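Peer 1: Here is a sequence with its predicted model. Questions after.
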Amino acid sequence: MNMPTFAEAHRAIEQGETSCEELVSSFLQRIDERNEELNALLTVDRDGALNHARYLDSQRERGNARPLSGLVLAVKDNICIRGQQVTAGSKMLANFSSLYDATVIERLREAGAIFIGKANCDEFGMGSSNETSHFGPVRHPHDTEFVPGGSSGGSATAVAAGFCHIALGSDTGGSIRQPSAFCGTVGLKPTYGRVSRSGLVAYASSLDTIGPMARSVEDIATVLNIIAGEDASDSTSAPVDVPDYLEALDVTVGDTVSGLRVGIPKEYFAEGIDPDIDRMVRAQVEALEDDGAVVHEVSLPHTEHGVATYYLLATAEASSNLARYDGIRYGHRASEEDTVEVLQEQRAELKEAKQEAERNGNAQRAERIATQLKDTNSTLDALYTRSRTEGFGEEVKRRIMLGTYVLSEGYYDKYYEKAQRVRTLIRHDFDRAFESCDVLIAPTTPTPPFRLGEKTDDPLSMYLSDVFTVPASLAGVPSLSVPIGRHPSEPNLPVGMQVIGRHFDESLLLQVGQAVERINEG
Ligand SMILES: NC(=O)C[C@H](N)C(=O)O
């Protein structure tokens, strides 16, 4: 299916060949045809999108066209749109609706964007296959036996299946880039701080980023132009000037590539990588070399520690961020009967333990348990326990436990602090590499998409699918995944390649991404 990009649709609107309403109607039709099977969108704002489209059309007739009118977006369901659900793929937030717009939504709305629906995702962004969603897995748009990647699998699928022009995703350790690679879309994880996180459901705050996923690099630039920039409601958003990313694309491929210093990190082409992916990425690099790029191998020596470092830091931050879901201030609340039941169970267990301690003559322990027993007089703890037990899925609980463990007394230095130090080393790896090159090129994923259920019983192998994406997240540098063709052994399944750049050098990434697009078109 060759769906028009937003840029193409926009030109058609400007020439009077189509209208915002027509565009929305055709997306709704495709959603009706395929969303049930793919499970990419959790909600479809049919009336809202159509009404907004009609409003934008009438404004255009009066000469008040907005810069992006006609841009139809799907939004990952961990980004707030006022008055709409924001579940983050969790039962915990199944009945929660946003009281305000995320900054990215506010800015896009102002520019004339239409939000067509909320996209499914792994629960709280925790996953690489979109199978941890409380609302069921998303299926790969080109072969439903396979996963679309995660955690922004619903967003990637919505773009690839033609449910919208562009989708917003979030990326903590690969969640935009990996599903983009799997589904054949372009996906940008911007520099940390480039795009406001205000209104994004927090997972690991020092790593979380919001970014666009689209059918072309040009469309990525269009959205980045609107959403990038400092924001008073996110103190980690950077006070760095925003260039015109679309204007940056007004260069010829020759100008971009001639003399471009491309670094090939040797650790990303090591054992374990799928040989076809290795070959496909190298072929792209050769094509860039033919166009004048200067290619050389570089080393990012701490790459092998990336996954371990990421999963220590991300889970530590998650355990603290997710503490807010207590069933009282936020999220799913267990019923009174269930709470009382937990309380009774807890009390029975404690009483038994106290009796045993008394029988063994362990007075100190018996006294300690007596104090605990007094504490359980309140139903509060039981309410927390029951609400969290019911509201969180298995993967989220695994991460909260791991994160709580690495932050606990006695283990903090051994794990959390050490991981912070390794994070600095990883960042230095990139700083050093960028002394001798302008961009790094590497595969986005070590393997093509895998089958549904293939890795669900093996969390470690699932975590390892992030091996090439987490280092850039830890270093905070931007990274763009671009499609480079189909996998020879699974001809329906796309392969993606990453272009990684210096902090705030998104313009160059987009230029290189566009050069890669042109190479593959021609
Ligand atoms: N959120 C992400 O960026 C995806 C990563 N696989 C994780 O589970 O943490």
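Peer 2: That came in fine, so what should we check first? Residues are numbered from 1 along each chain as shown.

Peer 1: contacts, neighbours, all on C-alpha from now
Peer 2: Fine.

Peer 1: Secondary structure element for residue 311, which one?
Peer 2: When elements are assigned from DSSP states H and E, residue 311 belongs to helix 306-321.

Peer 1: Identify each buried residue in that helix, please.
Peer 2: Counting neighbours by 16 or more other Cα atoms under 10 Å, one finds that the buried residues in helix 306-321 are 306-321.

Peer 1: Now narrow the residues you listed to whatever sits close to the ligand.
Peer 2: Here nothing survives when the buried residues of helix 306-321 are matched to the ligand using Cα under 6 Å from any ligand atom.

Peer 1: distance between the helix or strand following the helix holding residue 311 and the chain's centre?
Peer 2: Downstream of helix 306-321, the first helix or strand assigned by DSSP H and E is helix 336-359. Averaging C-alpha coordinates over helix 336-359 and over its chain gives two centres that are 42 Å apart (Cα atoms, centre = their mean, to the nearest Å).

Peer 1: Name the residues that touch helix 336-359?
Peer 2: By Cα atoms under 8 Å, 6 or more residues apart in numbering, the list of residues contacting helix 336-359 from outside reads 363, 365-367, 369-370, 372-373, 376, 379, 382-383, 386.

Peer 1: one more time with 7 Å
Peer 2: Applying Cα atoms under 7 Å, 6 or more residues apart in numbering, the contact partners of helix 336-359 are 363, 365, 366, 369, 373, 379, 382, 383, 386.

Peer 1: ok, those vs the ligand, which is closest?
Peer 2: When the contacts of helix 336-359 are ranked by distance to the ligand (Cα to the nearest ligand atom), residue 386 comes first, at 24.5 Å.

Peer 1: Contact partners for that closest one?
Peer 2: 334, 339, 342.

Peer 1: And the pLDDT at it?
Peer 2: According to the predicted model, the pLDDT of residue 386 comes to 89.

Peer 1: what's the burial count for residue 32?
Peer 2: Counted by other Cα atoms under 10 Å, the residues lying close to residue 32 total 13.

Peer 1: just for the protein, where's the confidence low?
Peer 2: The chain contains residues with pLDDT under 70 at 1-2, 376-378, 522.

Peer 1: Close to the ligand: what parts of it are there?
Peer 2: For the chain, the residues found near the ligand under the criterion Cα under 6 Å from any ligand atom are 125, 126, 127, 128, 151, 171, 172, 173, 174, 175, 466.

Peer 1: Filter those down to the buried ones, ChimeraX style.
Peer 2: What follows is the ChimeraX syntax selecting those of those that are buried according to 16+ other Cα under 10 Å:
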select :125,126,127,128,151,171,172,173,174,175,466
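
Peer 1: can you redo the residues of the chain next to the ligand as a markdown table with secondary structure?
Peer 2: Compiled in a markdown table, those are given as follows (DSSP: H, G, I helix; E, B strand; the rest coil):
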| residue | secondary structure |
| --- | --- |
| 125 | helix |
| 126 | coil |
| 127 | coil |
| 128 | coil |
| 151 | coil |
| 171 | strand |
| 172 | coil |
| 173 | coil |
| 174 | coil |
| 175 | coil |
| 466 | coil |
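
Peer 1: Dump the residues of the chain next to the ligand to CSV, plus distance to residue 479.
Peer 2: Rendered in CSV, the data for those read as follows (distance: Cα to Cα, whole Å):
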residue, distance to residue 479
125, 18
126, 20
127, 19
128, 17
151, 16
171, 10
172, 12
173, 11
174, 10
175, 12
466, 14
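
Peer 1: Tell me which residue of this structure is positioned farthest from its centroid.
Peer 2: Of all residues in the chain, the one whose C-alpha sits farthest from the chain's mean C-alpha position, using Cα atoms, centre = their mean, is residue 361 at 54.9 Å.

Peer 1: For that residue, which three-state class applies?
Peer 2: In terms of secondary structure, residue 361 is coil; the call rests on three-state DSSP.

Peer 1: can you count the residues close to residue 331?
Peer 2: A total of 21 residues lie near residue 331 under the criterion other Cα under 10 Å.

Peer 1: from what I can see it touches residue 93, true?
Peer 2: Yes. With contact defined as Cα atoms under 7 Å, residue 331 counts as touching residue 93 (5.1 Å).

Peer 1: Grab the longest strand from the protein for me.
Peer 2: Secondary structure of the chain per DSSP state E: the longest strand is strand 490-501.

Peer 1: outside of that one, which residues touch it?
Peer 2: Residues beyond strand 490-501 that count as contacts (Cα under 7 Å, 6+ apart) turn out to be 142-143, 181-184, 281, 438-444, 448, 477-487, 509.

Peer 1: go again using 8 Å as the cut-off
Peer 2: Residues external to strand 490-501 that are found in contact with it (Cα under 8 Å, 6+ apart): 142-143, 177, 180-184, 277, 281, 434, 438-445, 448-449, 472, 477-487, 508-509, 512-513.

Peer 1: buried subset of these?
Peer 2: Neighbour counting over the contacts of strand 490-501 (16+ other Cα under 10 Å) leaves 142-143, 177, 180-184, 277, 281, 434, 438-445, 448-449, 472, 477-487, 508-509, 512-513 as the buried ones.

Peer 1: Now intersect these with the helices, please.
Peer 2: 177, 180-183, 277, 281, 434, 472, 508-509, 512-513 (DSSP state H).

Peer 1: Leaving out sequence neighbours, find the closest residue to the residue of the stretch 301-450 of the chain found nearest the ligand.
Peer 2: Taking Cα to the nearest ligand atom as the measure, the stretch 301-450 of the chain has residue 314 as its residue closest to the ligand, at 6.8 Å. The shortest distance from residue 314 to any non-neighbouring residue, by Cα to Cα, 6 or more residues apart in numbering, is to residue 204 (5.2 Å).
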